[in-house]
Each structure stands twice: as structure tokens, then as C-alpha cells.
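Participant: The sequence and its predicted three-dimensional model are supplied below.
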Amino acid sequence: MSPDASSHAGERTVAIDTDGTVDAARWLALGCVLALTASYVSVLYGVTQVVGGSRSLVAIVGLSLAAATILAGLIRPRTAAAVAATGAGVGFAYYFTSAGVELGVVLTATDRLVSDTVALATGLPLLRMVQAGTWTLGFAPAPVFLSWYLAVRGRYAASVVPGGAALCFLVLTGDAGTLVTLTGTLAAVGAVAFGELRRRGGSIAQTDLLAVLFAVTVALSLSVSVVPGEPTGPTHLTQGDPGSLEATIDAAPQRSGISGQVDLSPEVRFTVESDEPTYWRTGVYDRFAGDEWIRTGQDERYDGRLASPPGSTETVTQTVTAETELGIMPVAAQPVDLGGEVTRRTTVSRHGQPRPETPLQAGESYTVESAVVDPSPAALRAAGTDYPDRITDTYLQTPEDTSSAFGDRTDEVTADADTPYDEAVAIEDYLESTKEYSLDVSQPSGNVAGGFLLEMEAGYCVYFATTMTQMLREEGIPARYVTGYTTGQQVDDDTYVVRGLDAHSWVEAYFPDHGWVRFDPTPGGTRSDVHTDRLRDARANGNEDADTDESADVPIDGTDPGTIEEPPDGGTPDAFDGNETEPNDPSDVQEPQNDTEPENNATNDTDDPETSFNGTTVDGGDERSWLERLSAIARESVALGVVALVGLAAGARRTGAVARLRREVGVYWHGSRGDPDRDAERAFERLERLLARQYRPRRPSESARAYLAALSAAADEGELPTDPRLERVLEAYERAAYGGGVDRADADAAIAVVDDLARERLPVIGRRE
Amino acid sequence: MTDANPPPDASTDPPTDGDPLRIDAVERLCDDIERNVADVIVGHGDVIEHVITALLGRGHVLLEDVPGVGKTMLARSIARSVDCSFSRVQFTPDLLPTDVTGVNVFNQQTREFEFQPGPVFGNIVLGDEINRAPPKTQAALLEAMEERQVTTDGETRELPTPFTVIATQNAVEPNRTYELPFAEVDRFMKKLHLGYPDPDEEAELLGRTVGDHPIESLEAVTDRETLVAARETVSTVQVAEPVREYVTRLAAYTRENAHIGVSPRGTISLLRAAQARAVTNGREYVIPDDVETEARVVLGHRIETNGRERDGIAVVEDALERVPVE
């Protein structure tokens, strides 16, 4: 072969190689763009899972991808951008129409649009939007289409821009969590890197640098625990320490979380002077995301008057005095008028629940005039099902992942009930009678309502109320989840001391012509006992915050003024809005209970909540939760760990650590044998390293024979003598490297010699020579 | 060894012209010649080996030294150890080219010109004090060395096989010599230096001169055919890719670090010398050590340096020191 020909051949080989790399890089880059797309679509998908429309979202995304693939070869980027913009325009126009906004208004009221956008970008989660589903469907197609269009055209860096922007936006709204953000970021980096690799014809082997970059990114992201979206810690004032029931219920102004085991705080929060004992409501939530409750819609500033319920009501006036700093505004449902200094900084949710913009200070007080709905069961039974649209639009939402078993069980429970009221009572009875009360539970994965109804045997108010709300909705009865405090400890005729451990959540169901009626599915008796124990402990521990001046003298149980607890508890589980008895009174009936609870409420807690509750823990619950928690941790951290490991491996390869290790081990262990020539050469290489350690390394310009000769010469001058067996290894090596090759026996002999030498020189403590 | 018919001993039963000998036979042959020569020449074992490997590697040798250290004696001993034709040319300033190559003489009886072969027609030719003759005469010899043929009056005559020139030149009296042109020195495979003997060796040397000079009693240990066969053997010695690359790297180094580096003819010579060296060590393949051993004498005189303080040998030493073997 002429030198020409051979050099040509070489060129051809290189060209083929490069092609392969470029091809691989292209697929990898496309894969990364898809991963980026998947990252923000998964967030949107999560939203539609809650509010419905996930199928439409999948369809829209699929169509966008298909359209982008087809159009990539047909239209120019400018046209594509126009198409995307048009798509987004149509989507949002649809959103505005369904949100009840005139399109013409949108065009003129740009400031409103801008302020909405700013609200989203500064942390308004998508789920708080009333029309979150429609918004999502309008938002999705533009970035998906544009980024995939650019990626298919090979402009990977450009394709990351729309995708990255979409992801950034979702990070700002707080919907994209750490894992999603990390995945998206890595995918974006990967897309740009592989795109560049392809463009510049780099080698796929260079990706190890990329792996290192990924690993560093992952490591850094692990050290940064707060991404805007992850509400790792409440940034506003919540009542109670993290982990307490209050903090769980009141995790953030707009959401109410559900967690596993919680504590009870015995500290006094506020006192109420009221002509009627009732529940003190602090939050209303309408959207259930499977593991938390969300309040949709914007709050409005209190302007002096609140809507009152449609039916007959009883007016109750309360004066609430904060005993600690208070970020909430307890009121009896439904408040219609507020008085006091705080009203100047009060906002009202679209459900009619007030809340202070800045916390109330201890001692600050305000008055509330409430219109308490007070219908009779007969009236409620006769209320019918003619719900207004604005109610059904909002209060019938169930997450898409609600299992059919949940619906089936609900149907069973309500099989005998003919009216919504009867159904509600049946559900209430069912939950009270079949589930135990316990604060020491582990949160089920996925849909909490389903998990509680179908699997768990015990829970606390959050579980009961959540499940009942969802069951009502499942039956087509508008319902909402309400948080607040029970009546508290009665210390005077009309004065109630409310503590942290009185925190509670319950259900409000809507009845046409009457409004929202309260139901409390939580078993009253056990709850009281548990809470009473807490307060007793707290008092015993000398917790000063556990009492006000008045309440301190009041004994915890039995003797109290309103201790009517027995009958409800012991008597019938349905205590509450007792069905057969006085329908209407939810409120009436409650009283007794409330009272009891409060009194009992005395609890706790200081620090050992757990100990007292462990007794009531559901067996097996712990174990399962442990496994589940592990698997939850495992899934994320395994994924991250794999990336980190790959990065480490790539880094090690870059720095030659692996090769060094293999060399180090190779001195003592020949490993698998194959070609005798190769084995003979390796035997000598091992010998060389052995000698290098003992004497000096071989110089590059030194031939093998010269090296050994030099060592032997040095040995003559008094250094350690070299072994005559070396000659055999050397000969095998020379024959393999320069001659006609060695046979198996010679190679094995050489290996044997080196093995012997290595063993003799193993650095074992105490061995001489 | 249960073989009833042991392989024929090559040295006792020389094969016909051109068939290669076995490696061990050639190794023994070299030992024999070396021992034979050592009867005459005291010490200088390495130089004797170099001359023998040049003989086997089809190269010519240039011996340069001060007068009287045994250059001529070395050449004669080698020649006598091999039973082949030996001729000698004493170069002087008035020597003519035809005195070397031969001349057409008019034969009175046949009334025709007859070619009278010059001393160059021999298996081993000793060119004594080659630098005393004018360039024209030197060129006649050097042309014969390169082309292994002689052209006189338009007629080309082949030189015998083997054909090896051992030339000597005096390193003294530079103003009364014609220094060999650089291009022509390149045609010698090796340039060797003898140097003065050690005191011990000199004493031994003096002892031997009592009575008959030992060279008179020197017997041939081999013949022309065996030598040719041995040369065949040498040319079959395996040179592996890494060794060739090593030689290439050495040459490249000299080209980068000297005014004029080693020519391709130099690298070819080096490989041939290394092949011969491998055989004398009983190996049928060349190892880098063979190359290293031969590099100084084969490459040194082919390198021209600018500075006086560094000669070609120094450049080769540097190369051996710096160029990686593998």
C-alpha cells in the first residue's frame, strides 16, 4: 500500500468516526430538549391532575410536538415564532373568556394583565388561579412547539430559550420543585453542550467533562435547599411551631397542608367574648391537590361589608382579643361585619374569610358580627340540589387521581341517604364510627382522602375533614375544607380561652337557600381526651403560656361549666350535627362538644407529645411509613446519586485515578490472561512498576534491557541485588514486543516470576528484605 | 532431544552460496572471528565486534586514529580470518584513480586491450590512509563502495561478493591530507576509533611482538561462502515496528538538533548494523539495545554540527538520552 493510500484510509476512518459522534450528539441533544420540555410539562400536568384537563394537556403537548416536527422543514423560524405567538394568544384568549373577562377588556386593561403576570412571577402558585386548568392549557403549546421546532432544525441553544423561559416562569410561580428544576436545568445544559459538540464535531468522549459539570450542578443544588417553589419554611407568621397541628393546618396563607404526625401546643392564642359558643373559623379552602388544600382567587381588601348567607341566620357578635402575635383572624361563620383597628389592614378571600395583612399584636382586639346559618334538618333536607353555577364551578373539584374505589366506597356509605343532607350525615357518621382519632399517624402517599378512607384506621381532624369534603364532592354536593379553632375553654359566661391545641379543621357543605353549613366528622370524644391530656401535661410542667389569668383556675376536666361532653361522646358517635336531633344546629350541638374539647384542650405539650401518643399509633403504620418514606427518599436521591456517581466516575477518568488504581492493583494481580504476547508485555510492565517502587522508574529513553542492566550495575555497587529471574521476564517481553512472539508457557513462566517477586515485595508489616 | 537425525551443524557443513545460516551458527562464527583477531589485536574487543558486524551487515568501515595504534593490523587480521581475497591500497597524494580501479592494458601478443583489475577487486579491501589521496582518487574508491561495480572506458564490471572496504585515515597532519567530503563519509557504515591501549594491554602487546608477528601465523576460521550465507541470515533478522519507529525518532532528533542530521541512508545502515548486532547476540530479532549499541558509530559521522565543541557523537548521545524507546 502506498503511503498515499494509507493516509487516505486514515482520513476515511476519522470521518466515519466523526459522523458517528455527531449522530449520537444529535440524538442526545434532542433527548435533552425533550427532557427540558418534560420538566415543565410535568409541572403543568401536576396542575391539571388537580383541577382536571390532564388529557387535554397531553393531547395539546403531543399535537404541538407533532406540528413542530412537521413544520420544522416547512416554515422559517420567524413564521414559527408567529405561529407560537398566535397559539399562545388563542390559548390565553380562551382562558380569559372562561374566566369571565371580556376580550375587549383584556386589550384595554393591560395594567391588569401586567399585575396578574407580576403576581404569578412573584410566587403566586398556578393552583391558586381560579381557572388554573384553562390557563395551563393556554400556556403549554407555545414553548413546547417553539423549542421542539428549533431543536428539530438543529438550533439547540436557541431551542433552550423558550423551554428554559417556561421553566423559569414556573420556578418563579413556585410550582416547579427542586427536582424538576434541577432536571430541567441539567437537560438545558445538556442540550446546549451536545448541540455544540455536534456543531464542532467533537468526540463523544468529551462528554465526561459534561458529566463532571452535571455532578457539580447536582452537588451544588443539594446544598441549596430553598428554591422559590418549595415552601420549605413558612415565610409568614404561622401559629405554632413547625410540626404542630396548627402549623400544619395553617402552613401558608393560601394553602393548608396535610402532614403526618403532629403536636399540640397548649399556649393560649386568643380569647373570645361571644354570646354563642361556636367554632372560630380562620381559613377556607376550595381546591384539593391530593396532599394539600389551596385557596384560589385573589384576596380583596375589606371594604366594610361582607356578603351574608341567603337563608335565615342568627346574628352572633364576638369580640376577639389576641393573646399572642396572631397572623389569622378567627371569626364565627359567616362574618358580615368587622370592627376595630385591624379592619384597616384586613383582606377578605373570595370565600368571605378575613385575614390580617400584618399580624395582630397581643392584646389587640376586634369585633365581629356573624350571621350564623341555623337551619333545621328538615329545612336542609328540603333544600334540594339547585346549586348556583359559581358554587359548582369551584366546590366540586376532585383531583384526577382520585381512585374509583373512593367513589365506590362513598356510594356504599351514602346508599341509604336520599338527600344531600342525609348523605352528609351518613358520611359524617361513617367516619366518626369507623376511624380512630390519633395525632400520631404517617401521611399516606398520593391522595390523602383516598388513603384515609380506604387504608388508614386512624387520623386527626385534617384527615377526617379532608376525606369528608372529598366524599361530599364525589356525591356532587359542593363542599369546602375549613380550618380554625374549636370553641375553647369556657372561663366565664361568655368568655372562651382558645389555645393552640384547639386548632381544628372541619367541613362546610353548601345548601341552596341556606348557604354553608358546618359538619365535623372528627370523633369528638377521643379528640377531647387527647387534648385534655396535653393541657394537663402542660400545666404539670409549669408552662405559663398554657393559661390566662382566668383560665388558670379552671380545672381541666369534668367540672367545667360546659362539660357536657359525655353524652355526645359516649352516646353516639354522630354527636355533632346530630342527624336526627336538631338538625339545624350544627352550632348548637357543637357547643357541648366544643366546650368539652376546649376544656380538655388543656394539654400539653411541651415536648413529649410523641410519648403520650405512641400508644395510640396504628400498628404497622409506622413501619409502612418508614418504608414509604425510604422509597420516597430513595427515588429522588437515587436519581441524583446516579448523576453524581457518573460525574465522579467521569472525573476520575479525567484525572486518571482509575488508571492509577488499576496500575497499583495490577502490580500484585495479573488479572485475566489472553494473548501470550500481551501477557508477557504486561508481566514486564508489572515488573517495571515493582522495580520502580524499589529502585527507580525506567526512563523513557531507556530500553528494557538497559534498565535492568543499570539496576544490576547499581546492585553491584552495594544496593539490593536484583533477581536473576528477571532475565526470563525480560526475554519473554522482548520476544513478545520485538520478536516473533512468545508461547503460552513462556508467558506463564514470566507471569509466575513476577507474581513471586510481587508477593515477596508485598508491603507486609514485619517482613524484612 | 530424541531426534535421530540431529540438524546438520552449519559451521562444519556450510550451505551453498546464498542460503542463510542458522542464527546460532552465525553467532558462533562471529565468536570465532573475534577470538581469532584477538590473537593479534590486544584489547579493543568492542571495535573488533563493530568491524565484524559491519562485515555481516554489508557495510564499509572507516577507521580513524593517530598512526600506529593498529588500524591496519586490525583490518588485516579480519581479512585473514576469512578465507577470501584480500587486497590493499596505500593511498598517497600521487595515487591515480586507475591505480585503484584497474586499467586497460594493451596486450602485445593478442593485439588487444586487456583489463588489468585494480586492488578494488577483492572481497576485503584495505584502503590505507585514504585521506592522503586527492579527491579524484578517493572518489574512485567511494564510487565502487556505493555501487559495487567499477566502470572503466565505458565498461562496467561487477565487484566480487562479499565486498567490504576497510579504510583508515590519519587524524594527524591535517594540512597534508585531503579530508573526505561529508557526502562521501556518509557511505561508510561505521566510523571507528581505536585509541591507545591500556598499560596492561600494551605490555601484553609488547610481549607478543617477540619472535614472529602473530599475524603471520593467523589461520582463516571461515570462508567466503559461509560469510555470504551469514550475511543472508543477518538480512532476515526481524525488525519490529516499535524498533523501526525508534530508529525514525532518533533520526528525527538529529535532524532537529544539528546542522545536518542523519540521512535516510544513515537510518538504513543503522538498521542493518543492528540486525547484525542482534545475530551476534544470538537473537533473530532486533531490540532497541542493538540499535543503541550501533547508533554512536553508525550515526556519529553523518551529523554535521555548527559548533566545534559538540561533534556528531555528542548529538547521538543526546538523542539516546532523550528519545523515548517506546
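Facilitator: Done, it's in.

Participant: Tell me the helix or strand right after the worst-scoring helix or strand of chain B on mean pLDDT.
Facilitator: In chain B, no helix or strand scores lower on mean pLDDT, DSSP states H and E than helix B:182-185, which sits at a mean of 81. Remark: after helix B:182-185, the chain's next helix or strand is strand B:190-192, criterion DSSP states H and E.

Participant: Can you spell out which helices and strands pack onto that next one?
Facilitator: helix B:45-56, strand B:61-65, helix B:288-299 (3 or more Cβ pairs under 8 Å, 6 or more residues apart in numbering or on different chains; DSSP states H and E). For the C-beta atoms, the positions are set from N, CA and C on the backbone; glycine is no exception.

Participant: Give me the buried stretch members for it, please.
Facilitator: If you call a residue buried by 16 or more other Cβ atoms under 10 Å in any protein chain shown, then strand B:190-192 has these buried ones: B:190, B:191, B:192.

Participant: count of neighbours near the residue of the stretch 51-200 of chain A found nearest chain B?
Facilitator: Proximity to chain B, evaluated over the stretch 51-200 of chain A using Cβ to the nearest Cβ, is greatest for residue A:200 at 31.8 Å. Counted with other Cβ atoms under 10 Å in any protein chain shown, the neighbours of residue A:200 add up to 10.

Participant: give me every residue that touches the spatially closest residue to residue A:463 that is not a sequence neighbour.
Facilitator: Closest residue in space to residue A:463, ignoring its immediate chain neighbours: residue A:452 at 4.5 Å, by Cβ to Cβ, 6 or more residues apart in numbering or on different chains. Neighbouring residues of residue A:452 by Cβ atoms under 8 Å, 6 or more residues apart in numbering or on different chains: A:435, A:444, A:459, A:463, A:464, A:466, A:467.

Participant: Against chain B, how distant is the third one?
Facilitator: The span separating residue A:459 from chain B equals 75 Å under the rule Cβ to the nearest Cβ, to the nearest Å.

Participant: Excluding covalently adjacent residues, which one is nearest to whatever residue of the stretch 551-700 of chain A ends up closest to chain B?
Facilitator: Chain B sits closest to residue A:700 of the stretch 551-700 of chain A, with a gap of 3.7 Å, by Cβ to the nearest Cβ. Nearest non-adjacent residue to residue A:700, counting by Cβ to Cβ, 6+ apart: residue B:324, 3.7 Å away.

Participant: what kind of secondary structure is the one you found in?
Facilitator: Here residue B:324 is coil, with the state taken from DSSP: H, G, I helix; E, B strand; the rest coil.

Participant: so it touches residue B:250, yeah?
Facilitator: No - in this structure, residue B:324 is not within contact of residue B:250 by Cβ atoms under 8 Å, at 10.4 Å.

Participant: Neighbour count: the two, which is higher?
Facilitator: Using other Cβ under 10 Å, the more surrounded residue of residue B:324 and residue B:250 is residue B:250, with 26 against 10.

Participant: For residue 172, grab the count of nearby residues.
Facilitator: Picking chain A for this. Counted with other Cβ under 10 Å, residue A:172 comes out at 16.

Participant: My question was about chain B, not that one.
Facilitator: For residue B:172, using other Cβ under 10 Å, the count is 9.

Participant: ok, for the residue of the stretch 1-150 of chain B found nearest chain A, nearest residue in space, not its chain neighbours?
Facilitator: Residue nearest to chain A within the stretch 1-150 of chain B (Cβ to the nearest Cβ): residue B:23, separated by 11.3 Å. Among residues not flanking residue B:23 along the chain, residue B:284 sits closest, at 5.0 Å (Cβ to Cβ, 6+ apart).

Participant: Ok, residue A:325 next?
Facilitator: residue A:359 (4.9 Å).

Participant: How many residues are close by that neighbour?
Facilitator: Number of residues near residue A:359 (other Cβ under 10 Å) recorded here: 19.

Participant: give the contact list for residue 140.
Facilitator: Unless you meant another one, I'm taking chain A. A:41, A:44, A:57, A:60, A:61, A:64, A:91.

Participant: hmm, I had chain B in mind actually
Facilitator: By Cβ under 8 Å, 6+ apart, the neighbours of residue B:140 are B:97, B:98, B:100, B:101, B:120.

Participant: Tell me the one among the residues you listed nearest to residue A:419.
Facilitator: Set against residue A:419, the nearest of the contacts of residue B:140 by Cβ to Cβ is residue B:120 (134.5 Å).

Participant: I'd assumed residue B:89 was in contact with the closest one.
Facilitator: Yes - between residue B:120 and residue B:89 there is a contact under Cβ under 8 Å: 7.4 Å.

Participant: what residues go with each domain of the chain?
Facilitator: Just going to use chain A. A:10-223, A:245-618, A:661-760 (automatic domain parsing).

Participant: my question was about chain B
Facilitator: If you go by automatic domain parsing, chain B breaks into B:23-236, B:237-326.

Participant: Report whether the helix or strand harbouring residue A:687 contacts chain B.
Facilitator: Following DSSP H and E, one finds residue A:687 within helix A:676-694. No - using Cβ under 8 Å from any Cβ of the partner chain, helix A:676-694 stays clear of chain B, with a minimum separation of 10.1 Å.

Participant: buried residues in that helix?
Facilitator: So, applying 16+ other Cβ under 10 Å, buried residues of helix A:676-694: A:676-677, A:679-691.

Participant: cool, stretch B:43-62 as well?
Facilitator: Counting neighbours by 16+ other Cβ under 10 Å, the buried set in stretch B:43-62 is B:43-44, B:47-62.

Participant: same deal with stretch A:291-302?
Facilitator: Buried, per 16+ other Cβ under 10 Å, within stretch A:291-302: A:291, A:292, A:293, A:294, A:295, A:296, A:297, A:299, A:302.

Participant: I'd guessed the second one sits against residue A:256; true?
Facilitator: If I follow you right, that is residue A:292. Yes - in this structure, residue A:292 is within contact of residue A:256 by Cβ under 8 Å, at 6.5 Å.

Participant: Which strand or helix spans the residue nearest to residue B:125 when sequence neighbours are not counted?
Facilitator: Spatial nearest neighbour of residue B:125, excluding adjacent residues (Cβ to Cβ, 6+ apart): residue B:165 at 4.8 Å. Element membership of residue B:165, judged by DSSP H and E, is strand B:164-170.

Participant: ok, residues contacting that strand?
Facilitator: B:51, B:54-55, B:58-67, B:71-72, B:74-75, B:78-79, B:123-132, B:141, B:144-145, B:177, B:180, B:188.
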